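S.K.: compute the structure for the input listed below.
(2 chains)
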Amino acid sequence: EAAVTQSPRSKVAVTGGKVTLSCHQTNNHDYMYWYRQDTGHGLRLIHYSYVADSTEKGDIPDGYKASRPSQENFSLILELASLSQTAVYFCASSTGTGVTGQLYFGEGSKLTVL
Amino acid sequence: GDSVTQTEGLVTLTEGLPVMLNCTYQSTYSPFLFWYVQHLNEAPKLLLKSFTDNKRPEHQGFHATLHKSSSSFHLQKSSAQLSDSALYYCAARTGNTGKLIFGLGTTLQVQP
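M.R.: Model (predicted):
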């Protein structure tokens, strides 16, 4: 069974503070992704990576940084958290492209910025 | 740019009635289409994915057919069950970027 674990599962942060969300996968997948979920906006891609030490911008990268130090780990960093970044964040991994590259999601990290 | 459209935000129907959730896409290239389902307080998980030929994928009674002529990949089920109540996402992958683009999602509520 594919496994993607996120930490923390829930976090309350203050405006202007730094937040790091971590993701670890044991699937031996090349691709990893960070999505945010908001009511009315669906799942929106923030950053993704297809190889260690390299990250790519998704559709809404502003205000977020990503780090892929190894194949197994992918972090999302909010240097200066803002109220608008309150959301649920999902990490996912995938074997790659095409029809075979289904996403395996983690359980989500609920971030509340006050 | 590429996009996925799900026109219904909420679909409410009675148990036993047929289900159809709409999904259309816009893409420069022929995309691969997926349906993901997310139950309350759970992570999204794959429900169906399109094939490159004319096969119709099926899972848990749900099926979807990719119609390139109308750029659609509607999700259907002949008889809804209470356990089908969930958030359903249509998603598309185009080219070889690895990016998966999601629609806004459709919440399906099945009532007794």
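S.K.: residues in contact with the helix or strand of chain B with the lowest mean pLDDT?
M.R.: Here the helix or strand of chain B ranked lowest by mean pLDDT, DSSP states H and E is strand B:58-59, holding a mean of 80. Here strand B:58-59 makes contact (Cβ atoms under 8 Å, 6 or more residues apart in numbering or on different chains) with B:47-48. For every residue, glycine as well, the C-beta is placed using N, CA and C.
S.K.: over to stretch A:20-27?
M.R.: Contacts of stretch A:20-27 (Cβ under 8 Å, 6+ apart): A:2-8, A:11, A:32, A:34, A:72-78, A:89, A:91, A:93, A:95, A:104, A:106, A:109, A:111.
S.K.: please redo it, this time with the cut-off set to 6 Å
M.R.: For stretch A:20-27, the external contacting residues (Cβ atoms under 6 Å, 6 or more residues apart in numbering or on different chains) are A:2-7, A:72-77, A:89, A:91, A:93, A:109.
S.K.: what's the PyMOL line that selects buried ones from the residues you listed?
M.R.: To isolate the buried members of these in PyMOL, using 16 or more other Cβ atoms under 10 Å in any protein chain shown:
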select buried, chain A and resi 2+4+6+72+74+75+76+89+91+93+109
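S.K.: tell me which other helices or strands the helix or strand A:Tyr33 falls within touches.
M.R.: Secondary structure from DSSP states H and E places A:Tyr33 in strand A:31-38. Judged by 3 or more Cβ pairs under 6 Å, 6 or more residues apart in numbering or on different chains; DSSP states H and E, the packing partners of strand A:31-38 are strand A:42-51, strand A:87-94.
S.K.: and the shortest one with strand A:42-51, angle?
M.R.: Which is strand A:87-94. 40 degrees (axes from the mean of the first three to the mean of the last three Cα atoms, to 10 degrees).
S.K.: which strands and helices sit next to the helix or strand that strand A:87-94 is followed by?
M.R.: Downstream of strand A:87-94, the first helix or strand assigned by DSSP H and E is strand A:104-105. Contacts defined by 3+ Cβ pairs under 6 Å, 6+ apart place strand A:104-105 against strand A:87-94.
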